[in-house]
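Student: Need a 3D model of the following:
(one chain, ligands or ions: 8)
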Amino acid sequence: MPQQVTRLIVLFAAGVVAILAARRYLVPPTFGEIGHYRAAAVDSIVARKKKYAGHQECALCHDRIAETRLSGHHRGVACEVCHGPAAAHVATPLDVKPTAPRERGLCPLCHAYNPSRPTGFPQIDSVAHNPLIPCIGCHDPHQPEPPIVPEECSACHGQISRQKAVSRHVRLPCTTCHATPEEHKTLPRRARPEKPTERAFCGACHAEDAPSPSSIPRIDLQTHGEQYLCWDCHYPHYPEAR
Ligand code: HEC
Ligand code: HEC
Ligand code: HEC
Ligand code: HEC
Ligand code: HEC
Ligand code: HEC
Ligand code: HEC
Ligand code: HEC
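Tutor: Ligands and ions are numbered 1, 2, ... in the order given. Below you'll find the model as predicted:
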């Protein structure tokens, strides 16, 4: 037999012996009894102390709060997400009490502006959004509606309002161009305002034959800007002609 083949056989045999030895001495005793894991692991996990009780438990005693939460925006946020593990509290309610996180730090964990959050998730700039006052001063943590329905659009669209305020459109209320359902001010993403969709909308004031006051600058609706939408060239919230 050639020498190199003998060497290979020896090497192979050594490998087999090493694997058999490892299986015998290195694999934990109960491995593989019920599955591809250590059977005794089940017992050691079961032996761990339970820390979380689950929100169903809380409802047994705090039924009013549980009901409130289920009817509001936080229906998907379980009690112990905010109050911490509370199994010990459920066992002995008067001796162990969960903390109630009253400081501003908690809420921005989920609500601080972060571009990677899903579109439409309610986010705020936690530095600029009503600073110095605790979030729960204005929002009930168990039913976090925006507290006061803002009168003006500027409460949320500050940038656009400030820009319009120094433009030639200053005297046009936002609702001239955006029919806005009242619900938009509390559920902005569910109820959306309308937006103009065609040139004729602006033409209602700016076309040569429009019935509006003569002080409004006029254009020939057929030829001016050709087939493009007016707001391809004029920002509607600051429509200065340059
Ligand atoms: C067996 C009844 C019972 C259950 C179940 C129960 N609690 Fe309580 N909880 C109480 C009682 C009693 C108090 C004390 C009320 C008091 O001190 O006025 C309390 C107080 C609290 C407080 C107030 C602490 C504070 O600083 O004022 C929080 C928060 C709380 N529970 C959260 C929970 C959560 C979360 C759960 C579910 C994991 C839960 N509780 C389950 C009975 C219960
Ligand atoms: C989004 C976070 C959040 C969730 C979810 C939440 N809580 Fe609270 N909870 C708070 C905060 C913050 C306070 C303190 C409110 C205050 O002091 O005005 C509080 C206060 C409490 C209190 C004591 C004061 C009171 O209003 O009686 C109890 C009891 C309580 N929560 C129970 C619950 C239970 C039960 C659930 C689930 C059904 C729950 N919480 C879900 C944040 C939360
Ligand atoms: C664990 C994450 C989490 C924490 C912590 C949390 N929230 Fe929320 N919050 C949510 C979710 C989820 C919604 C529902 C979003 C939806 O309806 O699309 C929500 C909705 C809201 C809304 C409703 C916004 C709207 O569209 O009208 C407000 C206001 C709010 N939370 C305030 C708070 C306040 C105040 C706190 C602190 C006490 C807080 N949240 C803590 C997850 C969280
Ligand atoms: C002084 C009262 C006040 C305080 C304090 C306050 N908010 Fe608000 N919050 C409002 C009002 C009013 C609105 C609705 C108009 C707006 O967005 O400004 C609102 C809206 C929200 C929304 C919904 C935004 C959206 O786009 O749908 C979230 C989320 C929110 N607040 C979270 C918080 C958090 C988190 C804190 C604490 C860091 C906080 N708020 C503190 C008054 C307050
Ligand atoms: C509570 C805060 C809030 C108030 C008050 C509010 N908006 Fe909005 N608005 C929003 C948010 C948040 C969006 C963005 C929704 C999105 O992009 O998903 C929005 C979107 C819009 C859009 C764009 C809709 C689209 O489909 O692109 C228009 C137009 C608009 N708002 C007009 C108004 C007008 C007009 C008012 C006053 C009558 C107003 N909004 C008041 C929060 C508000
Ligand atoms: C002269 C009519 C007009 C007025 C007045 C007007 N808008 Fe608009 N707005 C438009 C048009 C047109 C668009 C669509 C622009 C586009 O699709 O590019 C628009 C788009 C928007 C959008 C969508 C986001 C964006 O910037 O494109 C928001 C939000 C908005 N407007 C809010 C407001 C608010 C708030 C006011 C009052 C402060 C207001 N608008 C006043 C015509 C107007
Ligand atoms: C309700 C009537 C009305 C509607 C609708 C309207 N505008 Fe105007 N527009 C005005 C008024 C009033 C002025 C200011 C005239 C003045 O300065 O005295 C103005 C001024 C302008 C100017 C400024 C011209 C200059 O000399 O700088 C432009 C551009 C303009 N609008 C474009 C638009 C566009 C684009 C739309 C559609 C998105 C639109 N307007 C919708 C009433 C309207
Ligand atoms: C292709 C770009 C473009 C489009 C689209 C466009 N405009 Fe203009 N618009 C201009 C320019 C550039 C000026 C300034 C020079 C001029 O007067 O022709 C102007 C000027 C104006 C003026 C001021 C006229 C004056 O006498 O002071 C008004 C009002 C106006 N546009 C409204 C509109 C309306 C309404 C629409 C949609 C029907 C529209 N524009 C579409 C580019 C455009």
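
Student: what about the least confident helix or strand in the chain by mean pLDDT and ligand 6, touching?
Tutor: Least confident helix or strand, the chain: helix 158-165 with a mean of 88, by mean pLDDT, DSSP states H and E. Yes: looking at helix 158-165 against ligand 6 by Cβ under 6 Å from any ligand atom, the contacts come from Ile160, Ser161, Lys164. To be clear about C-beta, it is placed using only N, CA and C from the backbone, and glycine gets the same treatment.

Student: Go through that helix and flag the buried ones.
Tutor: Within helix 158-165, the residues scored as buried using 16 or more other Cβ atoms under 10 Å are Ile160, Lys164.

Student: quick one: is that helix near ligand 4?
Tutor: No: judged by Cβ under 6 Å from any ligand atom, helix 158-165 makes no contact with ligand 4; its nearest approach is 9.0 Å.

Student: which other residues reach that helix?
Tutor: With Cβ atoms under 8 Å, 6 or more residues apart in numbering as the test, helix 158-165 has contacts from Glu152, Cys153, Ser154, Val170, Leu172, Cys174, His237, Tyr238.

Student: Extract the C-alpha set from the top helix by length along the chain and format it as CSV.
Tutor: Ranked by number of residues, the top helix in the chain under DSSP state H is helix 3-25. Taking Å, rounded to 0.1, in the frame of the first residue of the first chain, the C-alpha atoms of helix 3-25 are listed here in CSV:
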residue,chain,number,x,y,z
GLN,A,3,2.6,5.3,2.2
GLN,A,4,0.4,8.4,1.8
VAL,A,5,-2.7,6.1,1.8
THR,A,6,-1.7,4.5,5.1
ARG,A,7,-1.3,8.0,6.6
LEU,A,8,-4.7,9.0,5.4
ILE,A,9,-6.3,5.9,7.0
VAL,A,10,-4.6,6.6,10.3
LEU,A,11,-5.8,10.2,10.2
PHE,A,12,-9.3,9.0,9.4
ALA,A,13,-9.3,6.5,12.2
ALA,A,14,-8.1,9.1,14.7
GLY,A,15,-11.0,11.4,13.6
VAL,A,16,-13.6,8.7,14.2
VAL,A,17,-12.1,7.9,17.6
ALA,A,18,-12.2,11.6,18.5
ILE,A,19,-15.8,12.0,17.5
LEU,A,20,-16.9,8.9,19.4
ALA,A,21,-15.0,10.1,22.5
ALA,A,22,-16.6,13.5,22.2
ARG,A,23,-20.1,12.0,22.0
ARG,A,24,-19.4,9.8,25.0
TYR,A,25,-17.7,12.3,27.3
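
Student: Contact distance from ligand 4 - what residues of the protein qualify?
Tutor: 104, 107-108, 111, 122, 124, 126, 129-130, 133, 135, 137-139, 146-148, 150, 155-156, 188.
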